[in-house]
Every structure is written in C-alpha cells, then in structure tokens.
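# Need a 3D model of the following:
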Amino acid sequence: MMPVMDGFTLATKIRESDTQIPIIFLTAKVQTEDVVKGFRLGGDDYVKKPFKIEELVVRIESLLKNSPKMLFGQKLMIGDYSLDSLKHQLTYQGEVLKLSFRESELLRKLYEQKDKVIPREDIMRAYWSHDKYFTGRSLDVFISRIRKYLSQDDRIKITNVRGVGYMLTVD
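Sure, this is the predicted structure:
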C-alpha cells in the first residue's frame, strides 16, 4: 500500500504530465478488473505478488529496452545553454556552472514540461516530499537561482503562474 494515494491515481497523475515514463504496477490486486484498469490507465506492465526479483528485473530491462530514451542523462539544449543532468552542469558559451542535484533536477523537470505549467505541489512532492525543512519559499529560492543561471539568454523565461506553479518557455 502506498501512503498518500493508490497506484491507479498515481499512474493517472504521471500520465497527465509524462506519457513516456514506463509504469509497472507491483500489486497484490489480482482481479482481472484491476489488471485491465492498470493497463487502461497507462501501465506498461502489471506484476502480481508474490513475484521473484529475477522476474521483475527482466521485466524492467525489457521495458527500458523497448521504451523511448528518457531525457535523464542526456544533454539538454535550453536556448543557448546545455544541461548535463548526470553531471549536474549547466554550460553557456564554454563556461561550466556546477548545479546542485536539486537545481539540476528542477531544471530538467521544467525542460521536460516546457510550455506547460507545473503545479508547485507537484514539484514539491516530487523533489522535497521527505524533507521537513523545505517550504514553498525554498522552492521560490531555487527558481530564483535557476533564473539567474539562465539570465544570459533573454529567450528563456521561467514564469510564475500565480497560485498555480511555474512554466519554462524558450522563444
């Protein structure tokens, strides 16, 4: 059992923002209706408990092999900047800036959802859900830092959509 929401709800939320990330349901729900529901909500596989780890590993390998390449680990071009999300580096005209893990992940998330508003709650839940010291103001500070890092390219904008969240645009 997941603590905040069930797997079906989580899958629906994931599919609303990302259609390519692979989803495997690991569950004790064995009824045909549950399996069908899982696939209809966008699940790529449905593994019923009990299962052997070796089987799960093979299923994950198969999914990753057959899935479109994920953006993680690729160099992403954001205007005139290049983000290396594995090394947590932002490069502009040969100058390399080292980002924190969270800065890099937040910028990658904004890039993946470019031209779409990402709700503040989604960002906070994805990157800081287990951090007791993180607040909404902390997110604002991270966004402010990222804006500063990207300030050399006037085409890049991170907009605060009041009361909703943030949106990255590149003209």
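# Check the protein and tell me which residue is nearest its centre.
Lys109 (5.2 Å; CA atoms, centre = their mean).
# so which strand or helix has that residue?
Per DSSP states H and E, Lys109 falls inside helix 101-112.
# sorry, back to before: make sure the residue nearest to the centre of the chain is actually in contact with Met124.
No: counting by CB atoms under 8 Å, Lys109 does not reach Met124; the two are 11.5 Å apart. (C-beta placed from N, C-alpha, C; glycine too.)
# wait, is Leu83 part of a helix?
No: applying DSSP: H, G, I helix; E, B strand; the rest coil, one finds Leu83 to be strand, outside a helix.
# number of nearby residues for the closest residue to it other than its chain neighbours?
Nearest residue to Leu83, sequence neighbours excluded (CB to CB, 6 or more residues apart in numbering): Leu76, at 4.5 Å. Using other CB atoms under 10 Å, Leu76 has 18 neighbouring residues.
# Leu76: what's it in contact with?
By CB atoms under 8 Å, 6 or more residues apart in numbering, the residues touching Leu76 are Ser82, Leu83, Ser85, Arg108, Tyr111.
# Skipping its backbone neighbours, what lies nearest the fourth one in space?
When the adjacent residues along the chain are set aside, Arg108 lies closest to Ser85, with 4.8 Å between them (CB to CB, 6+ apart).
# The first one too?
By the measure of CB to CB, 6+ apart, the closest residue to Ser82 outside its immediate chain neighbours is Thr91, 4.4 Å from it.
# ok, that neighbour - contacts?
So Thr91 contacts Tyr81, Ser82, Leu83, Asp84, Leu97 (CB under 8 Å, 6+ apart).
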